[in-house]
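# build me a structure from this.
(one chain, ligands or ions: 3)
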Amino acid sequence: MSSDSLAVPIQSTLAGGYFHPLLRSLQAERHLTKDMLMYPIFITDEPDAVVEIKSLPGQKRWGINKLHSFLAPLVAKGLRSVILFGVPLHMQKDSRGSPADDPSTPVILATQLIRREFPGVVVACDVCLCEYTDHGHCGELCDVSTLTEAEQAAQAKVIDNGKSVKRMREVALAYARAGAQIVAPSDMMDGRIGAIKQALVDNGFGNRCSVMSYSAKFASGMYGPFREAAGSVPNFGDRKCYQLPPNARGLARRAILRDVSEGADFLMVKPAMPYLDIMREARELAPSHPLACYQVSGEFAMLHAGANAGVYELKAMAFESVEGFLRAGCTLVLTYFTPDFLDWLDEDKQ
Ligand SMILES: NCc1[nH]cc(CCC(=O)O)c1CC(=O)O
Ligand SMILES: [Zn+2]
Ligand SMILES: [Zn+2]
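Numbering: from 1, shown residues only. Ligands and ions are numbered 1, 2, ... in the order given. Okay, the predicted model is just below:
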């Protein structure tokens, strides 16, 4: 026996698959491309506003008059889709979120503008009431005076699901009429997907507007910067009675299956990084549906904070995070990194 022979002969090596950049790249089932990116944008009712959002590095609230010059360079770099959030600073908020579908609401004006000026861009509108209600919750509330103190404290019956779904349907239809090609209800009320889908079909939007359901949306600690940006912090309680508990794999599976049965065109998992297992569940439960994930405000802020603290390099970590989403089965990524990725995807491949 020669002295350099191995006790256990190597049958195969894995390293044969990754000793060269191209071989590493070929290990992916799918690569991030520009059309998989959807950019979340905040539109205010101050027409000339360009206001820095401190907790979301580089992100701003945009007034309608500034939108064209903001988007034009991104569209030139390959931006394909946006999701719009309204930030009414002057409109009168009320208990039913009336400004959500007021004809002059920023999301409707922005949808019309983008459809007109950037016909190649797909416009999704987030459908929710929290930015528009005086109480800051995502739906309409019950008459709290009819609840016992214990019920109020537990918040178990605070949201009126039926009234909220009716409202969500009205708002979704208003956005479809304004030209939205996707409506994305994020309120989490039960039955909203079926109600919205039916309303779209009944009103002739069945083949002009898709429904993207925030199916598995968890009550996360990572929405803080968004709520600051959108002015949608609830003024009492929290959202734990209508968003999924972070430990609830079973509820997430049921919500995904239900939304499929109610006619959702796209499914979504939100937040993204801590919920890769749920993405994989969604992929397996609904293999024929496009699957989105939302890398939320807190994830974006966290990745920036770590990079600023010298823990890692931002670009490398941003790619690593999104590669995880694709590996888990996502086909669309909502991320505040979209403008960065449009640049990064053009840079030299690593
Ligand atoms: N309708 C609620 C909504 N719409 C978008 C986000 C969060 C998005 C983000 O953090 O980037 C949330 C979460 C919440 O406030 O509960
Ligand atoms: Zn929302
Ligand atoms: Zn909401």
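# got the buried residues for stretch 83-97?
83-88, 91, 93, 96-97 (16 or more other C-beta atoms under 10 Å). Backbone N, C-alpha and C define where each C-beta goes, glycine included.
# nearest to residue 214 among the residues you listed?
Taking C-beta to C-beta as the measure, residue 214 lies nearest residue 83 of the buried residues of stretch 83-97, at 10.7 Å.
# go ahead and confirm that closest one touches residue 39.
Yes - the pair residue 83 / residue 39 is scored as a contact, 7.2 Å apart, by C-beta atoms under 8 Å.
# residues contacting the closest residue to ligand 2 within the stretch 151-300 of the chain?
Nearest residue of the stretch 151-300 of the chain to ligand 2: residue 186, at 3.6 Å (C-beta to the ion). Listed by C-beta atoms under 8 Å, 6 or more residues apart in numbering, the contact set of residue 186 reads 126-128, 138, 214, 217, 270.
# what's the distance between it and residue 259?
Counting by C-beta to C-beta, to the nearest Å, the gap from residue 186 to residue 259 is 13 Å.
# run a quick neighbour tally on the closest residue to ligand 2 within the stretch 1-150 of the chain.
Residue of the stretch 1-150 of the chain nearest ligand 2, by C-beta to the ion: residue 128 (3.3 Å). When neighbours are counted by other C-beta atoms under 10 Å, residue 128 registers 28.
# is it true that it touches residue 183?
No - in this structure, residue 128 is not within contact of residue 183 by C-beta under 8 Å, at 10.7 Å.
# returning to what we had before: shared neighbours, residue 83 and residue 39?
Common neighbours of residue 83 and residue 39 (C-beta under 8 Å, 6+ apart) are residue 334.
# strands of the chain, residue ranges please.
Remark: strands assigned in the chain by DSSP state E are 37-44, 50-52, 60-62, 81-87, 122-127, 182-185, 210-217, 266-270, 291-295, 332-335.
# the fourth one vs strand 122-127, what angle?
Spelled out, that is strand 81-87. Per axes from the mean of the first three to the mean of the last three C-alpha atoms, to 10 degrees, the angle that strand 81-87 makes with strand 122-127 is 30 degrees.
# and strand 81-87, what does it pack against?
When contacts are defined as 3 or more C-beta pairs under 8 Å, 6 or more residues apart in numbering; DSSP states H and E, strand 81-87 packs onto strand 37-44, helix 106-117, strand 122-127, strand 182-185, helix 224-230.
# and ligand 1, is the shortest one touching that?
No - residues of strand 182-185 contacting ligand 1 under C-beta under 6 Å from any ligand atom: none, with a closest distance of 8.7 Å.
# what's that strand in contact with?
By C-beta under 8 Å, 6+ apart, the residues outside strand 182-185 that reach it are 81, 83, 122-128, 168, 172, 175-176, 192-193, 196, 200, 209-214, 265-266, 268.
# keep the residues you listed, but drop any that are not near ligand 1.
By C-beta under 6 Å from any ligand atom, the members of these lying near ligand 1 are 126, 128.
# quick one, which of the contacts of strand 182-185 are buried?
81, 83, 122-128, 168, 172, 175-176, 192-193, 196, 200, 209-214, 265-266, 268.
# which of the residues you listed are close to ligand 3?
Filtering these for proximity to ligand 3 by C-beta under 5 Å from the ion leaves residue 128.
# can you give me the angle the longest helix anywhere in the chain makes with strand 122-127?
The longest helix of the chain (DSSP state H) is helix 161-178. Angle, helix 161-178 to strand 122-127, by the same axes, to 10 degrees: 160 degrees.
# could you list the residues in contact with helix 161-178?
Counting by C-beta under 8 Å, 6+ apart, 96-97, 100-101, 107-108, 111-112, 125, 127-129, 138-140, 183, 185, 187, 189-192, 195-196, 199-200, 203, 205, 208-209, 211 sit against helix 161-178.
# how about the residues of the stretch 101-250 of the chain by ligand 2?
126, 128, 186.
# reformat the residues you listed as a markdown table; add pLDDT.
Compiled in a markdown table, those are given as follows (pLDDT from 0 to 100):
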| residue | pLDDT |
| --- | --- |
| 126 | 98 |
| 128 | 96 |
| 186 | 95 |
